[in-house]
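Visitor: Structure, please.
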Amino acid sequence: MVFERTDFFPASRRLSDLPWVTFVMVAINVVVFFIIEATGSTEDTDYMIRMGGLYDPLVTQDHEYWRLITHFFLHFGPTHLFNNMISLLILGYATESTLGHIKYFFLYFFSGILAGVVTIVYNMYLGAEGNVSCGASGAIFGLSGALLVILIRRNIGRRSTEVLRYLIFMGLSLYSGYLDPSISFSAHAGGFVAGALLCVLMTLGKSGGKSKYAS
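Guide: From the prediction side, this is the model:
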């Protein structure tokens with residue numbers, strides 16, 4: 001499938017152009033949440049570890065590397081799930097529409113995995129390896145990093161404050177997460193940087209103007 005992208009949010013869309021990867025990711029997160037709630041509690045830390053939460057010793061010592069993926073499909077309570085899924089729908093719509101389904105899929109997954117790796121390294125540095133991490137926010141911040149790259153490329157040669165305003169917004173978002181001890185700042189920052197770098201690699205050779213994206 002090849003189609004022209006002349007702006008960030010195209011006016012008309014075909015069914016195949018809809019962000020169906022985003023919809024699938026949201027559906028999986030919601031289904032997983034209700035399955036865990038039906039069999040235990042999403043706010044029980046020990047139970048969330050058993051369900052696949054990112055618990056550093058089990059990854060670094062027992063080599064349970066699959067937790068780097070499962071942890072970003074788990075959420076601590078309905079509020080955590082709701083906030084992340086709203087963010088995923090908004091950011092996923094924009095990112096998937098621009099990159100295409102396949103690149104978006106890999107961007108989301110690798111951002112989530114790398115956010116988990118950064119979290120483990122950061123916890124080891126702080127000596128806080130007993131922390132348990134769950135949530136899609138690392139992968140979602142990867143989408144935020146990718147959108148920054150997309151905005152920069154789109155605004156090359158233009159006089160616009162769009163990139164500056166986005167940078168200020170993201171800076172405040174990351175800083176607010178840093179101030180909240182219940183939020184994994186390392187996952188947010190790691191996912192953001194990972195998403196930006198991955199997007200740069202995925203869009204090498206693409207111009208900032210009218211471009212064709214294939215998926």
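Visitor: quick one: low-confidence parts of this protein?
Guide: By pLDDT under 70, the low-scoring segments of the chain are 1-16, 205-215.
Visitor: swap the cut-off to 90 and go again
Guide: Flagging of the chain using pLDDT under 90 yields the residue ranges 1-18, 123-131, 153-164, 169, 175-184, 203-215.
Visitor: Show me where it has its helices.
Guide: With helices called from DSSP state H, the chain shows them at 20-39, 45-51, 56-60, 67-70, 77-99, 101-126, 137-154, 162-179, 185-202.
Visitor: Contacts for the second one next, please.
Guide: Residues outside helix 45-51 that contact it (CB atoms under 8 Å, 6 or more residues apart in numbering): Ile36, Gly40, Ser41, Thr42, Gly53, Tyr55, Leu58, Thr70, Leu74, Phe76, Val132, Cys134. All C-beta spots, glycine's among them, are computed from the backbone N, C-alpha and C.
Visitor: make it 6 Å
Guide: Residues from elsewhere that reach helix 45-51 (CB atoms under 6 Å, 6 or more residues apart in numbering): Ile36, Gly40, Ser41, Tyr55, Leu74, Val132, Cys134.
Visitor: buried subset of these?
Guide: Taking 16 or more other CB atoms under 10 Å as the criterion, what is buried in those is Ile36, Tyr55, Leu74, Val132, Cys134.
Visitor: Not counting its neighbours along the chain, what's nearest the third one?
Guide: Leaving aside its chain neighbours, Leu74 sits nearest to Cys134 (4.0 Å; criterion: CB to CB, 6 or more residues apart in numbering).
Visitor: quick one, phi psi at the one you found?
Guide: Dihedral pair for Cys134: phi -140, psi 150, per degrees, to the nearest 10.
Visitor: and the gap between it and Gly171?
Guide: 25 Å (CB to CB, to the nearest Å).
Visitor: Over to Gly190?
Guide: The gap separating Gly190 from Gly171 is 16 Å, by CB to CB.
Visitor: When these two are compared, which one has more neighbours?
Guide: Ranked by neighbour count (other CB atoms under 10 Å), Gly190 and Gly171 place Gly190 first, with 27 against 10.
Visitor: was I right about that one contacting Val118?
Guide: Yes. At 2.8 Å, Gly190 counts as touching Val118 under the criterion of CB atoms under 6 Å.
Visitor: Stretch 53-66: end-to-end distance?
Guide: With CA to CA, to the nearest Å applied, stretch 53-66 spans 10 Å between its terminal residues.
Visitor: Identify each buried residue in that stretch, please.
Guide: In terms of neighbour count (16+ other CB under 10 Å), stretch 53-66 has its buried residues at Gly53, Leu54, Tyr55, Asp56, Leu58, Val59.
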